[in-house]
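Asker: Need a 3D model of the following:
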Amino acid sequence: MKNIRIYDILKQKEGIEIGSVINVKGWVRTKRGNSAVNFIALNDGSIVHSLQIVADTEKFDAELLKKVTTGACLSVTGKLVASMGKGQSVEIQAEQIEVLGTADPEKYPLQKKGHSMEFLREIAHLRFRTNYFGCVMRLRHAMAFAIHQYFNDHGFVYMHTPLITGADAEGAGEMFQVTTLDLENLPRNESGKVDYTKDFFGKITSLTVSGQLNGELGALALGKIYTFGPTFRAENSNTPRHLAEFWMIEPEMAFYDITDNMDLAEDFIRYVVKYALEHNPDDLQFLNDMFDKGLIERLQHVDKEPFQRLTYSEGIDILLQSKHKFEVPVKWGIDLQSEHERFLVEQHFGKPVILTDYPKEIKAFYMKQNDDGRTVRGMDILFPKIGEIIGGSERESDLDKLLGIMRERNMNEDILDWYLDTRRFGTAPHSGFGLGFERLMLFVTGMANIRDVIPFPRTPQNAEF
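Answerer: Reported below is the predicted structural model:
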């Protein structure tokens, strides 16, 4: 008999009728009852809610029922009936129960009690079986699908950019090196330095921090492209907002100026948030009720009114005039901290904010320089509880200006000669932005720590599973 998803049963999908005999498979969340009847809560991961299985103890071998413990995997065949109890509309009166996999109650770590997020990170291979992480993973899937849907519907080309690169897109230098050299017996050149010509690629290579530079090449031929893939930062930062391995969405668009870029980013964010509200209401309701009471209201608020737009300088003025005491003092030229960003979003404007025209010294070399000589056409979108969720800019299309800033920063022009060719041959105005997928997931799920919105977090001193 074909197994039916619990989601389809609880949502009363067409063809699943009261009185029909059906088969379900899943994992036991709880079992309770007495000598006459057992009530088994079965969950298959398709929905946050479990399906109640009613097992008349007279129909089943006592030894079989002893194996039905929290965490065990079952196949249950029985009649779907209207439930007489509270909390569920339907249940299954079991006729056959097969234990597909047992779970020793003395060793299975997810018993019926509250578990801290810290504990669940230690058993990341099992935490998907909790309601919290079932919701998070289903939402992560929904957001990934919505992202592809949005860009496909808006005429973008999905582009796969390299994970292994010889260039540092940000100029930050915080990269994971990739090598096949024998670290116990490194080859040396005449000056005593490591001879990377003997390495696999013949030079120093690293894991990418961004697909942007390659994405620009695509946009300046295909018009509009986007990347969506893993990126890596060797940043020794143990905060609730940083990961060493995370996913980035990076669209790049030819003939877009900074205003076009802001319009696209705002529309995109609205779309994916609305998608979550429409397609994952049960997951959001559970997280709202059990973890973050204001989650759904915040998500709905994103769709109600335009984001606030202002320049970095205007934002600095607001911060300086406020009576709030910040840990990091405010002055023009600083790289805004999360506390500054959240003040603007949560306390001053009460809605998402787009900041533009940042000091050029604190932004990447590729951002288009304004005529004032001090600022660049960068933009950051700031969200409640998160701070920066999107960073982007109009890109510098003038070869001389681009070379000038690279030389100011002592960057190696030869390594990026291929990138500079796009400014030599048919340069064009273009823009783009990057959205950290896990930052988006923090906002959509209401979770407090970025380690809890990715299946297996990679952080300093932690590469388990």
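
Asker: Let me see the ranges of the strands in the stretch 1-150 of the chain.
Answerer: 21-33, 37-43, 51-56, 73-82, 90-101 (DSSP state E, counting those that start in this stretch).

Asker: From Val37, how far off is the spatially closest residue to Ala103 that is not a sequence neighbour?
Answerer: Leaving aside its sequence neighbours, Ala103 sits nearest to Gly71 (Cβ to Cβ, 6 or more residues apart in numbering; 3.1 Å). Bear in mind the C-beta positions are built from the backbone N, C-alpha and C, glycine included. Separation of Gly71 from Val37 (Cβ to Cβ, to the nearest Å): 21 Å.

Asker: Which one of those two is surrounded by more residues?
Answerer: Neighbour tally, Gly71 and Val37, criterion other Cβ atoms under 10 Å: the higher count belongs to Gly71, 19 against 12.

Asker: From Arg140, how far out is that one?
Answerer: 23 Å.

Asker: same question, Glu63
Answerer: From Glu63 to Arg140 the distance is 40 Å (Cβ to Cβ).

Asker: So for the two, which sits in the more crowded spot?
Answerer: Taking neighbours as other Cβ under 10 Å, Glu63 and Arg140 compare with Arg140 leading, 21 against 7.

Asker: Apart from its neighbours in sequence, what residue is nearest the more buried one?
Answerer: Counting by Cβ to Cβ, 6+ apart, the residue nearest Arg140 is Met441, at 5.9 Å.

Asker: Spell out the secondary structure type for the one you found.
Answerer: Here Met441 is helix, with the state taken from DSSP: H, G, I helix; E, B strand; the rest coil.

Asker: That one: neighbouring residues, count only.
Answerer: 24.

Asker: Is it in contact with Pro455, as I believe?
Answerer: No. Using Cβ atoms under 8 Å as the test, Met441 is too far from Pro455 to be in contact (11.1 Å).

Asker: anything in contact with each of these two?
Answerer: Shared contacts of Met441 and Pro455 (Cβ atoms under 8 Å, 6 or more residues apart in numbering): none.

Asker: just to revisit the earlier point, how close does the residue nearest to Arg140 get to Leu80?
Answerer: Taken as Cβ to Cβ, the span from Met441 to Leu80 is 35 Å.

Asker: Skipping adjacent residues, who's closest to Tyr158 in space?
Answerer: Nearest non-adjacent residue to Tyr158, counting by Cβ to Cβ, 6+ apart: Tyr226, 6.2 Å away.

Asker: Once you drop chain neighbours, what's closest to Glu58?
Answerer: Glu58's closest residue in space is Ala36 (Cβ to Cβ, 6+ apart), at 7.7 Å.

Asker: typed the wrong thing, it's Phe383
Answerer: Nearest to Phe383 is Ile389, by Cβ to Cβ, 6+ apart, at 4.5 Å.

Asker: Apart from its chain neighbours, what residue comes closest to Ile296?
Answerer: Closest to Ile296 by Cβ to Cβ, 6+ apart is Asn288, at 4.7 Å.

Asker: Wait, Ala362 touches Gly333, no?
Answerer: Not Ala; residue 362 is Ile. Yes. Here Ile362 reaches Gly333: they are 7.2 Å apart, a contact under Cβ under 8 Å.

Asker: Where does pLDDT dip in the stretch 151-300 of the chain?
Answerer: 168-173 (pLDDT under 70).

Asker: Show me the strands in it, by range?
Answerer: Under DSSP E, counting those that start in this stretch, the stretch 151-300 of the chain gives strands at 157-158, 164-165, 177-178, 205-207, 224-232, 245-254.

Asker: for those, which one ends up most surrounded?
Answerer: When these are scored by mean count of other Cβ atoms under 10 Å, the highest mean neighbour count falls to strand 245-254 (a mean of 23).
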